[in-house]
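J.: requesting a structural model of the entry that follows:
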Amino acid sequence: MNEREFTNKVTNSQEDFLQDFLDLLKKHGIPFCVIGGLAVNAYAEPVVSLDLDLVVVSDLVDELVNVLEQHFAVQRFPHSINVSSSSSNLRIQIQTDPRYQAFLTHASRRTILGYEMPVAALEDVLQGKIWAFSDPTRRSSKRQKDLADIMRLVETYPHLIALLPDQLRKRLSADLGE
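T.: Got it, this is the predicted structure:
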């Protein structure tokens with residue numbers, strides 16, 4: 001079983017929802033990059049997730065939503081757009097927080113889940129995880145996952161610890177035995 005087959009099995013996909021989504025982005029020329037936990041997988045030991053977080057060029061969000069609504073279920077929220085398909089348990093979340101726009105310029109193509117796509121740069125992925133972990137409005141369980149993702153990155157790339165806010169650096173330094 002290859003990575004794509006594994007991904008589609010884990011997400012209970014009857015069709016290749018992710019490839020259909022990626023094809024729509026390409027067909028309409030919409031630049032994007034993967035952020036979040038699956039972006040962490042591009043740089044550290046992978047973990048299974050049903051969530052794919054990404055950012056698209058903000059000027060094209062409305063155009064993208066119009067296209068997506070013709071093919072998938074779309075829900076808008078204050079800082080995100082959720083895309084889903086009845087043929088898959090994969091959840092795609094498009095982050096609309098303007099802080100993530102700069103990530104697009106540093107992205108490079110990597111393989112995630114057996115699909116080649118642009119992924120935010122290592123330092124940008126870490127920054128996004130720091131923002132998510134520091135957001136007091138996020139559910140505690142999500143913040144704990146963000147912390148675990150930060151730890152995965154710092155364990156794999158120890159130099160990243162210098163980029164953490166002081167309090168978080170102290171917390172992780174103790175866990176890393178530093």
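
J.: tell me where this structure has strands.
T.: Using DSSP state E, the strands assigned to the chain run over residues 32-35, 51-56, 73-77, 80-84, 91-95, 108-112, 115-119.

J.: can you say which of those is packed in most?
T.: Most buried of the strands of the chain, by mean neighbour count (mean count of other C-beta atoms under 10 Å): strand 32-35, with a mean of 25. The C-beta positions use only the backbone N, C-alpha and C, and glycine is treated the same way.

J.: could you list the alpha-carbon positions for that one in CSV?
T.: The C-alpha trace of strand 32-35 is given here as CSV (Å, rounded to 0.1, in the frame of the first residue of the first chain):
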residue,chain,number,x,y,z
PHE,A,32,-1.6,28.0,-1.7
CYS,A,33,0.6,26.3,0.9
VAL,A,34,0.0,23.7,3.6
ILE,A,35,0.3,24.8,7.2
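
J.: which secondary structure elements does it sit against?
T.: Strand 32-35 sits against strand 51-56, helix 103-106, strand 115-119, helix 122-134, with contacts defined as 3 or more C-beta pairs under 8 Å, 6 or more residues apart in numbering; DSSP states H and E.

J.: swap the cut-off to 10 Å and go again
T.: helix 17-27, helix 36-41, strand 51-56, strand 91-95, helix 103-106, strand 108-112, strand 115-119, helix 122-134 (3 or more C-beta pairs under 10 Å, 6 or more residues apart in numbering; DSSP states H and E).

J.: so which of these comes closest to residue 142?
T.: helix 122-134 (7.3 Å; C-beta to C-beta).

J.: list the buried residues in the closest one.
T.: For helix 122-134, a neighbour-count test (16 or more other C-beta atoms under 10 Å) marks 122, 124, 125, 126, 127, 128, 129, 130, 131, 132, 133 as buried.
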